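1. Build the 3D model from these lines:
(chains A, B, C and D)
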2 protein chains.
Amino acid sequence: MQKKRSRIQIINQQKVLDAGTEVFAKYGSRGATIDQIAEMAGMSKPNLLYYFKSKKEIYLAVLEQTLNKWLQCLMEWQVTGSPEETITNYINKKFEFSRDHAAGSRVFANEILEGAPILKSLLGEELMRLVGEDTRVIKGWIKDDLIRPIEPIHLIFMIWAVTQHYADFSAQIETLTGKTLDDEKFYKQAKKTVTQIILNGVLK
Amino acid sequence: MQKKRSRIQIINQQKVLDAGTEVFAKYGSRGATIDQIAEMAGMSKPNLLYYFKSKKEIYLAVLEQTLNKWLQCLMEWQVTGSPEETITNYINKKFEFSRDHAAGSRVFANEILEGAPILKSLLGEELMRLVGEDTRVIKGWIKDDLIRPIEPIHLIFMIWAVTQHYADFSAQIETLTGKTLDDEKFYKQAKKTVTQIILNGVLK
DNA sequence: AAAAAATTTTACCGTGTGGTAAAAATATTT
DNA sequence: AAATATTTTTACCACACGGTAAAATTTTTT
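-> Numbers count the residues shown, from 1 in each chain, chains lettered A, B, ... in the order given. Predicted coordinates:
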């Protein structure tokens, strides 16, 4: 039986989550410090610890928040129409996520680089199930002769890899192109090229 | 005028670089600790600091070692034959790198997530030049009507993204498939699927 | 307006971490 | 074998970092 969160609580907890996302995205759960997060959130360290009682608790909350958004993204697509439509839609969603939750994507990247100790248990079955579904859909397409015979899991990885790349490695991309996904024109160009190559790559 | 490095020096410096690569790969330059590196290298912290006088120095040495291997990989390919041959060869080389230098790839990933403060200056021009060359080659192919008209830079990013994904996110890949690139069969399957999709994606 | 509850600040503490000094031990050269 | 140079260990130090206690302040309720 939880008491209703006060106005200030709601605001400040979100401030901490936002700041935490930025800092964890850059330095990972180990490299990030409470002081950094507190400063970015615009409050003193003890004040921050009034809302989250430890660094680990902030990290877990950040991971969970990001996770929910990510899972939602993965589930939002539908096998409504043709493979072409479905894949296009899937890539769209993933690109949108990379643009709108770049920091979150990087928090994930850091967590996985650390061996995914938390994500493994947080995601566990859930992701396996989702990937299983996707694999089955793709296998169906192959059986129905709608796409070339490829190993489904690697197509999924390809799409994840490429879309996440634009979020996770934006620092590199920016040095090389001067652009990020925030640049509308660049965003569309990247999405178009990737979609084109993957579609032509798998469609018969 | 450097004095000749002793037998023990050569062995132990390499031990530190190897251990450093592993630890920095997991926790990044900030999250990694000298103690961790020393333990993994099988020596005491002061002993390690006898060979490298600071954490930063270890990190720079690790980055540089990895960078050289990576640049070599990027330069090893040749525009000898057809786009098909060339791209296949390029993907091959990148996959090989991901398998044989997975930890190094992760060190890079961490560095870029941190904003690439060191890599930016270490790579600077070099990478720009290399990418510029690749871009020009691809543009040539398009002009000669050998491949579809795509935006070259995104094709390059795609290949980097996918190949690096298998090294950087191997923890995730392992939970989902139970395999890594060390598994010969999985390695070949991944390479084959990725090559197939990209070739079909760009070839006319 | 007074009382109660929630929030923020100040002043800390123990531990982890980067790094050093100097003695002890080991290798190498003479 | 003695002398010298190199390597390793022991014993530290200062500061960063995670976290706490309690007083001071602000907000909300009565």
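2. And the residue lying closest to A:L127 once chain neighbours are set aside, which helix or strand is it part of?
-> Nearest residue to A:L127, sequence neighbours excluded (C-beta to C-beta, 6 or more residues apart in numbering or on different chains): B:L176, at 6.9 Å. Bear in mind the C-beta positions are built from the backbone N, C-alpha and C, glycine included. Taking DSSP states H and E as the definition, B:L176 sits inside helix B:170-177.
3. so after that helix, what's the next helix or strand?
-> Per DSSP H and E, the first helix or strand lying C-terminal to helix B:170-177 is helix B:184-202.
4. Any buried residues in that following helix, and which?
-> Residues of helix B:184-202 classed as buried by neighbour count (16 or more other C-beta atoms under 10 Å in any protein chain shown): B:186-187, B:189-191, B:193-202.
5. Those residues also near DNA strand C: which ones?
-> With the criterion set as C-beta under 7 Å from any atom of the strand, no member of the buried residues of helix B:184-202 is near DNA strand C.
6. And A:E57, how close does it get to chain B?
-> Per C-beta to the nearest C-beta, to the nearest Å, A:E57 is found 18 Å from chain B.
7. what about the helix or strand containing that residue and DNA strand C, touching?
-> For A:E57, the host element (DSSP H and E) is helix A:55-76. No. If you take C-beta under 7 Å from any atom of the strand as the test, helix A:55-76 misses DNA strand C, and the best it gets is 11.8 Å.
8. Quickly check: the helix or strand just after that helix near chain B or not.
-> Downstream of helix A:55-76, the next assigned helix or strand under DSSP H and E is helix A:83-100. No. Helix A:83-100 lies out of reach of chain B by C-beta under 8 Å from any C-beta of the partner chain, never closer than 11.0 Å.
9. now the angle from helix A:83-100 to helix A:170-177?
-> 100 degrees (axes from the mean of the first three to the mean of the last three C-alpha atoms, to 10 degrees).
10. near DNA strand D, which residues of chain A?
-> Counting by C-beta under 7 Å from any atom of the strand, chain A comes close to DNA strand D at A:6-8, A:32-35, A:45-46, A:49, A:53-56.
11. I'd like to know which of those are buried.
-> Judged by 16+ other C-beta under 10 Å, buried ones among the residues of chain A next to DNA strand D: A:32, A:34, A:49, A:55.
12. any chance of the residues you listed in TSV, plus distance to B:K120 and pLDDT?
-> Below are those laid out as TSV (distance: C-beta to C-beta, whole Å; pLDDT from 0 to 100):
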residue	distance to B:K120	pLDDT
A:A32	21	98
A:I34	28	98
A:L49	35	98
A:K55	29	98
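13. ok, and the closest non-adjacent residue to the most centrally placed residue in chain A?
-> The residue lying closest to the centre of chain A (C-alpha atoms, centre = their mean) is A:S105, at 3.8 Å. Closest residue to A:S105 apart from its sequence neighbours, by C-beta to C-beta, 6+ apart: A:A167 at 3.8 Å.
14. How about the contacts made by that neighbour?
-> Contacts for A:A167 (C-beta atoms under 8 Å, 6 or more residues apart in numbering or on different chains) come out as A:97-99, A:101-102, A:105-106, A:181.
15. Show me which residues of the helix or strand of chain A with the lowest mean pLDDT are buried.
-> Of all helical and strand segments in chain A, the minimum by mean pLDDT, DSSP states H and E falls on helix A:117-123, at a mean of 92. If you call a residue buried by 16+ other C-beta under 10 Å, then helix A:117-123 has these buried ones: A:118-120, A:123.
16. swap in stretch A:43-52?
-> By 16+ other C-beta under 10 Å, the buried positions in stretch A:43-52 come out as A:43, A:48-49, A:51-52.
17. Kindly report the same for stretch A:134-141.
-> A:134, A:138, A:141.
18. Can the longest helix anywhere in chain A be said to contact DNA strand C?
-> Ranked by number of residues, the top helix in chain A under DSSP state H is helix A:7-31. Yes. Residues of helix A:7-31 contacting DNA strand C under C-beta under 7 Å from any atom of the strand: A:7-9, A:12.
19. Could you measure from the nearest residue to A:T175 once chain neighbours are set aside over to A:E174?
-> With C-beta to C-beta, 6+ apart as the criterion, A:T175 has its nearest non-adjacent residue at 5.9 Å, and that residue is B:K120. Distance, B:K120 to A:E174, using C-beta to C-beta, to the nearest Å: 10 Å.
20. How about A:T33?
-> For A:T33, the distance to A:E174 equals 25 Å [C-beta to C-beta].
21. and if you look at A:A41?
-> As defined by C-beta to C-beta, A:A41 lies at a distance of 25 Å from A:E174.
22. And A:R5, by the same measure?
-> 38 Å.
23. These two: which has the busier surroundings?
-> A:E174 (16 against 10; other C-beta atoms under 10 Å in any protein chain shown).
24. which residues touch the more buried one?
-> Neighbour list for A:E174: A:T180 [criterion: C-beta under 8 Å, 6+ apart].
25. which intervals of chain A have sub-threshold pLDDT?
-> Scanning chain A with the threshold set as pLDDT under 70 gives A:1-4.
26. Off-centre distance for the least confident helix or strand of chain A?
-> 14 Å (C-alpha atoms, centre = their mean, to the nearest Å).
27. Only C-alpha atoms, please: export that helix in PDB.
-> What follows is helix A:117-123 as a C-alpha-only set of coordinates in PDB (Å, rounded to 0.1, in the frame of the first residue of the first chain):
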ATOM      1  CA  PRO A 117      24.000  -8.700 -15.500                       C
ATOM      2  CA  ILE A 118      20.800  -6.900 -14.800                       C
ATOM      3  CA  LEU A 119      19.200  -7.000 -18.200                       C
ATOM      4  CA  LYS A 120      19.600 -10.700 -18.400                       C
ATOM      5  CA  SER A 121      17.300 -11.200 -15.500                       C
ATOM      6  CA  LEU A 122      15.000  -8.300 -16.200                       C
ATOM      7  CA  LEU A 123      14.500  -9.400 -19.800                       C
END
